[in-house]
Structure formats: C-alpha cells, structure tokens
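Q: A structural model of the following input is requested.
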Amino acid sequence: MDEVRQALRICPPEVQQTVLRLPYAADVEEIRLRCGQTVFVTVRGKEQRLPSAPVAAECLEGVIARATGHAVFSAQHMLKYGFVTIPGGHRLGICGTAVYQGSELVGFQELSSVNLRVARQIKGIASKTADALWLHPRSTLVIGAPGVGKTTLLRDLIRQLSDRFSFRIGVADERMELGACCGGVPQFDLGRHADVLSGVKKEAAVELLLRTMSPEWIAVDEITAAEDIDAMVRGSYCGVSFIATAHAGSREELGRRELYQKLLSCGVFQNLVTIRRDRSVMTERMSI
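A: Predicted structure coming up:
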C-alpha cells in the first residue's frame with residue numbers, strides 16, 4: 001500500500017482519494033488518466049473504470065509538473081522518450097502530440113493521457129533462479145509474456161548476484177526501470193556491486209560499461225533490436241556474462257520470432273529462465 005500512496009503523490013487530491021478508497025487499492029498496478037474520461041486503474045493486468053469526474057487537460061499538465069518537480073525543462077531528456085521516473089522508481093508514461101526539432105523527437109504537447117505505473121521491489125523472488133545461476137554462472141536469458149514480472153525478477157537477480165555472490169554488475173538501464181535512478185541514487189536496491197548507466201540505448205550502454213566499469217556481468221532489460229544482440233555478442237568476446245529479458249511466452253515462441261532466432265543462433269546465452277503466465281519459474285540449460 002505504501003508504494004501506491006507514494007506514486008499517487010503526483011496526482012490531484014481527488015484522484016488520490018478515489019484510488020485509495022478502493023478495497024483493492026494495495027493491488028493497483030497502474031493509474032491511467034485520459035483527457036475527457038474518468039480515471040482507470042489496472043489490477044492484475046485488467047483495466048477498471050472508477051467513478052470520477054472526467055480528466056481535464058490541466059490535470060495532466062499538473063501531474064507532469066509535479067512529476068518533474070516543476071522543472072519540465074530539466075527533465076526533457078526523459079520526456080522526449082515519453083516517460084518520467086519519479087522517486088520510488090514509479091514511472092509516468094505520457095501520450096500527446098509529438099514535438100520534433102528536425103528529425104529528433106524532443107517532447108510532447110496537447111497531452112492526451114498519462115499512465116502512472118506503480119513500482120514494487122519484491123526481494124527474494126529470484127532466490128531459486130540465483131541458486132541455479134550459482135551452479136552454472138553463465139549468460140542467462142529471462143523470457144515471459146508481457147506483464148508476468150520479467151523486470152521484477154531481473155531486478156532481484158541483479159541484487160542477488162551482486163550481494164550474495166559479489167559479482168560486479170553493469171546495469172544498462174535504458175528505460176530507467178531497473179534502477180530507476182533519481183539524483184544519481186537507484187530507487188531500487190540492486191546491490192553493493194552494481195553500476196547503473198541510465199537513459200543510454202542498450203547497444204551504446206554495453207560498449208560504455210565494458211570500457212569504463214570492468215563488469216563481470218551486464219544486465220539488459222528487453223532485447224528489442226538486432227543492434228542489442230550484436231553488442232552482446234561483442235561483449236561476450238570480452239569475457240563478460242549477460243543477463244537479459246525478452247518477450248516470449250515459451251522457448252518455442254522464442255524460436256519462431258526472427259529477431260530471437262538470431263539471438264539463439266549466436267550462442268551468447270547458456271541458461272534460459274521462463275516465467276509462465278501463472279508466475280511460476282523454470283530454469284534450464286540451453287543447448288549450444
């Protein structure tokens with residue numbers, strides 16, 4: 001419940017009260033405000049409409065102002081990617097009309113909706129997986145369907161590899177969800193031996209971490225491009241191990257997607273962790 005209260009601080013008082021009065025408020029995963037519509041919350045992956053006044057454009061502007069500490073310009077580097085990370089690691093996603101300078105997206109105007117994602121750290125969730133990695137400390141790919149908790153598991157794996165096993169880990173936190181740094185301080189506990197590089201594209205982040213931080217492991221959330229894979233292949237030649245996530249509900253589904261076919265064929269990953277829809281976790285060795 002504390003996480004929900006903390007995330008709601010950037011919302012107007014009436015929205016806070018509406019959400020906190022819910023009997024299932026502690027389970028709220030997202031609060032979504034759409035211009036001209038009532039408030040929606042997401043609970044266990046399903047959106048639910050709440051009885052509230054329609055959201056006005058001024059409300060959305062106020063939410064963003066509070067999320068950026070009334071310093072929108074200083075948060076421009078995040079806003080141009082369509083989100084702001086706030087204290088506690090909570091993330092505010094933004095939709096509206098894109099503003100470009102030349103070919104570069106620099107921000108949004110005429111806001112249409114915001115989505116406040118409540119961040120939670122569940123310590124110990126990756127203990128069995130970490131035990132398996134200690135026996136076979138090789139590059140590991142975590143897969144699962146959207147919303148099953150890949151990032152949450154990855155975050156705890158980073159912490160356990162760092163604190164339990166004292167591995168030096170570079171975290172390529174492109175979307176600022178793993179560490180969710182605010183003022184240089186990770187809002188999630190990634191362990192004593194983790195170095196977090198925020199807001200840098202994964203391909204460049206891998207190269208930078210290799211050059212500057214001498215990691216034994218590099219953590220990457222959501223492999224989405226061939227360039228990500230190429231960077232990990234080059235990193236593997238340097239002797240670093242990777243732990244990463246990818247969208248696929250099963251090993252079979254992973255093999256059917258063209259991008260991930262390349263991922264499998266490159267031989268970087270030796271361990272596969274699958275999170276099923278019922279949130280159970282299976283760890284297996286991958287054939288090379």
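Q: and residue 162, how many neighbours?
A: When neighbours are defined as other Cβ atoms under 10 Å, residue 162 has 22 of them. Just so you know, the C-beta spots here come from the backbone N, C-alpha and C atoms, and that holds for glycine as well.
Q: what kind of secondary structure is it in?
A: At residue 162, secondary structure determined by DSSP: H, G, I helix; E, B strand; the rest coil is helix.
Q: Just list the residues touching it, thanks.
A: Contact analysis of residue 162 by Cβ atoms under 8 Å, 6 or more residues apart in numbering lists 168, 169, 190, 191, 192, 193, 194.
Q: element containing the closest residue to it other than its chain neighbours, please.
A: Nearest residue to residue 162 in three dimensions, chain neighbours excluded: residue 191, at 2.6 Å (Cβ to Cβ, 6 or more residues apart in numbering). For residue 191, there is no helix or strand it lies in under DSSP states H and E.
Q: Residue 191 touches residue 156, doesn't it?
A: No - with contact defined as Cβ atoms under 8 Å, residue 191 does not reach residue 156; the gap is 9.8 Å.
Q: Neighbour count: the two, which is higher?
A: Neighbours were counted for residue 191 and for residue 156 using other Cβ under 10 Å; residue 156 has more, 24 against 20.
Q: Wait, a helix at residue 52?
A: No - using three-state DSSP, the assignment for residue 52 is coil, not a helix.
Q: What backbone torsions are found at residue 241?
A: phi -100, psi 150 (degrees, to the nearest 10).
Q: and it, what is it in contact with?
A: Residue 241 makes contact with 137, 138, 139, 140, 216, 217, 218, according to Cβ under 8 Å, 6+ apart.
Q: Write the ChimeraX selection for whichever of those residues are buried.
A: Remark: buried members of the contacts of residue 241, expressed as a ChimeraX selection using 16 or more other Cβ atoms under 10 Å:
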select :137,139,140,216,217,218
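Q: In its sheet, which strands sit next to the longest strand seen in the chain, and in what direction?
A: Determined from DSSP state E, the single longest strand within the chain is strand 104-117. In the sheet, strand 104-117 lines up against strand 28-34 (antiparallel), strand 90-101 (antiparallel) (DSSP bridges).
Q: Could you save the contacts of residue 241 as a markdown table and add columns showing pLDDT?
A: Formatted as a markdown table, the contacts of residue 241 follow (pLDDT from 0 to 100):
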| residue | pLDDT |
| --- | --- |
| 137 | 93 |
| 138 | 94 |
| 139 | 96 |
| 140 | 97 |
| 216 | 97 |
| 217 | 98 |
| 218 | 98 |
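Q: Between the contacts of residue 241, which sits nearest residue 202?
A: Closest to residue 202 out of the contacts of residue 241 is residue 218 (9.6 Å), distances taken as Cβ to Cβ.
Q: Phi first, then psi, for residue 27.
A: For residue 27, the backbone dihedrals (degrees, to the nearest 10) come out as phi -100, psi 0.
Q: Report the contact partners of the residue nearest to residue 83 when sequence neighbours are not counted.
A: Nearest in space to residue 83, with sequence neighbours left out and distances taken as Cβ to Cβ, 6+ apart, is residue 93 at 5.0 Å. Residue 93 sits next to 82, 83, 114, 115, 116, 117 when contact means Cβ under 8 Å, 6+ apart.
Q: Break down the stretch 101-250 of the chain into its helices, ranges please.
A: Taking DSSP state H, counting those that start in this stretch as the test, the helices found in the stretch 101-250 of the chain are 127-135, 150-163, 202-212, 226-237.
Q: How about residue 262, nearest residue that isn't a chain neighbour?
A: Nearest one to residue 262, counting by Cβ to Cβ, 6+ apart, is residue 229 at 5.8 Å.
Q: Same question for residue 124.
A: Residue 124 sits nearest to residue 156 (Cβ to Cβ, 6+ apart), 7.0 Å away.
Q: And the pLDDT at that neighbour?
A: Note for residue 156: predicted pLDDT of 97.
Q: Grab the nearest non-local neighbour of the spatially most central residue of the chain.
A: Against the mean C-alpha coordinate of the chain, by Cα atoms, centre = their mean, the closest residue is residue 177 at 3.5 Å. In this structure, residue 177 finds its nearest non-sequential neighbour in residue 151, 5.7 Å apart by Cβ to Cβ, 6+ apart.
Q: any chance of the strands paired with strand 104-117 in TSV, with mean pLDDT and distance to residue 208 too?
A: What follows is the strands paired with strand 104-117, written out as TSV (pLDDT from 0 to 100; distance: least, Cβ to Cβ, whole Å):
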stretch	mean pLDDT	distance to residue 208
strand 28-34	96	32
strand 90-101	86	23
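Q: Alright, that wraps it up for me.
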